[in-house]
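Student: Curious how this folds, go ahead:
(one chain, ligands or ions: 2)
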Amino acid sequence: MRILGLETSCDETGVAVYDSERGLLAHTLYSQIALHAEYGGVVPELASRDHVRKTLPLINEVLAKSGSAAADIDGIAYTSGPGLIGALMVGASLGRSLAYAWNVPAIGVHHMEGHLLAPMLENNPPAFPFVALLVSGGHTQLVKVDAIGVYELLGESVDDAAGEAFDKAAKMLDLDYPGGPQVAKLAESGVEGRFIFPRPMVDRPGLDFSFSGLKTFTLTTIAKHKLENGLPDDQTCADIACAFQTAVVETLVIKCKRALEQTGLKTLVIAGGVSANKKLRADLEIALAKTNAKVFYARHEFCTDNGAMIAYAGCQRLLDNQHESLAVNVKARWPLDSLSPL
Ligand code: KG4
Ligand code: ZN
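Tutor: Ligands and ions are numbered 1, 2, ... in the order given. The predicted structure is shown next:
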């Protein structure tokens, strides 16, 4: 079964063709980062308009790259939530309409299920059951995954998502949007241990997270050391980025270990934009090796938003004969544990 996948939930237009026999045939991504950078964050209306401009040309490009004609496509998968309604509407209405025109089934994919399954596109995919840490710009969740669609929420952020915290810390340090990769880069030249930021909620039992306190801590540390231009000197900024990243990563590692202990599982999957963070990957590898557990993640480009994960997730559901009616449905909010199993 050959599936065209469309991702338009936020600020990236991702398109891919996935074949259930031959794997990923082609994928492409257009990022709107430059468009939103001057506003310091995503402007929803501009995002929707850019998806309108880009999605169809990218579909043509990816079909050609994958050596597929329209007649070779057996189904269309598009992100139908959670995300920005206008942006979601672009991919969903285009995907649903194309499926109608080509007389093939369509499936609306949960964006976080897409992230969660992205490591399945790698050579050595994880086996069920596992614990998944979903860390993106909008979500920080620990989920017990028994099979596709069988999800039990173990814990989540009670306030900011991990990616959101990175983005806000970046803004305070006057770094460009999206801030996660910029904070990570600046942290490389920081001195570990000059500042010690709190590890929120690790002393309490349970698997929930809270990152908003780190934001305040970052702000007050910057205020304490700022010069006339409103920022501390370059080295101090790097030291703050380093302390911030270490606090977030260490908190995530502690909770992941706790989730594995609690479930008795030995496999952890990390997915979503923050799973691209090198320190998070390295620290988890070291921590889990001590308990004979293993961490799996997608290649860098499939950690952040992409069409390949949507094509893959949609393909699994279409193979199970699940599909949408003719209506175009999108959801800004959509709990992961409400999905149906295969
Ligand atoms: O999954 P994603 O592309 O979009 C959402 O579904 O939200 O995640 C984007 C988030 C942003 O907050 C971005 O700053 C963060 O992932 N991010 C990172 C890194 N790369 C992306 N955070 C920390 N370190 C990184 N290397
Ligand atoms: Zn995402």
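Student: Pull the distance from stretch 27-40 to the chain's centre.
Tutor: 16 Å (C-alpha atoms, centre = their mean, to the nearest Å).
Student: wait, stretch 11-19
Tutor: 14 Å.
Student: How about stretch 314-332?
Tutor: The answer for stretch 314-332 is 20 Å, by C-alpha atoms, centre = their mean.
Student: Which residues does it contact?
Tutor: 1, 3, 5, 18, 20, 74-78, 80-85, 88-89, 92-93, 96, 100, 105-109, 117, 148-149, 340, 342 (C-beta atoms under 8 Å, 6 or more residues apart in numbering). Placement of C-beta: from N, CA and C, glycine included.
Student: and the helix ranked longest in the chain, anywhere near ligand 1?
Tutor: For the chain, the longest helix by residue count, based on DSSP state H, is helix 234-263. No. Judged by C-beta under 6 Å from any ligand atom, helix 234-263 stays clear of ligand 1, getting no closer than 7.5 Å.
Student: now stretch 310-330
Tutor: No. Judged by C-beta under 6 Å from any ligand atom, stretch 310-330 stays clear of ligand 1, getting no closer than 11.7 Å.
Student: Name the residues of that stretch that are buried.
Tutor: 310-318, 323-324, 328, 330 (16 or more other C-beta atoms under 10 Å).
Student: Show me what the helix or strand containing L63 is packed against.
Tutor: Per DSSP states H and E, L63 falls inside helix 44-65. Counting contacts by 3 or more C-beta pairs under 8 Å, 6 or more residues apart in numbering; DSSP states H and E, helix 44-65 is packed against strand 2-7, strand 12-19, strand 23-31, helix 33-37, helix 85-102.
Student: which of the ones you listed sits most buried?
Tutor: strand 2-7 (a mean of 28; mean count of other C-beta atoms under 10 Å).
Student: And for G108, nearest residue in space, chain neighbours not counted?
Tutor: S80 (2.9 Å; C-beta to C-beta, 6 or more residues apart in numbering).
Student: in a helix, that's where the one you found is, yeah?
Tutor: No. Under DSSP: H, G, I helix; E, B strand; the rest coil, S80 sits outside any helix and is assigned strand.
Student: Sketch out the low-pLDDT regions of the stretch 1-150 of the chain for me.
Tutor: The model of the stretch 1-150 of the chain has no residue with pLDDT under 70.
Student: Just list the residues touching the nearest residue to S48 once chain neighbours are set aside, thanks.
Tutor: By the measure of C-beta to C-beta, 6+ apart, the closest residue to S48 outside its immediate chain neighbours is G86, 3.6 Å from it. For G86, the contact set (C-beta under 8 Å, 6+ apart) comprises 44-45, 47-48.
Student: So which of these wins on neighbours?
Tutor: The most crowded member of those, judged by other C-beta atoms under 10 Å, is A47 (24 neighbours).
Student: could you pull out the strands for the stretch 201-342 of the chain?
Tutor: 267-271, 294-297 (DSSP state E, counting those that start in this stretch).
Student: Of all these, which one is nearest ligand 2?
Tutor: strand 267-271 (8.8 Å; C-beta to the ion).
Student: so how far is the closest one from its chain's centroid?
Tutor: Counting by C-alpha atoms, centre = their mean, strand 267-271 comes out at 12 Å from the chain centroid.
Student: relative orientation of it and helix 234-263 in degrees?
Tutor: 140 degrees (axes from the mean of the first three to the mean of the last three C-alpha atoms, to 10 degrees).
Student: what about strand 267-271, near ligand 1?
Tutor: No. Using C-beta under 6 Å from any ligand atom, strand 267-271 stays clear of ligand 1, coming no nearer than 8.1 Å.
Student: pLDDT averaged over that strand, what's the number?
Tutor: Mean per-residue pLDDT for strand 267-271: 98.
Student: tell me what it is packed against?
Tutor: Using 3+ C-beta pairs under 8 Å, 6+ apart, strand 267-271 is in contact with helix 111-117, strand 130-135, helix 234-263, helix 278-289, strand 294-297.
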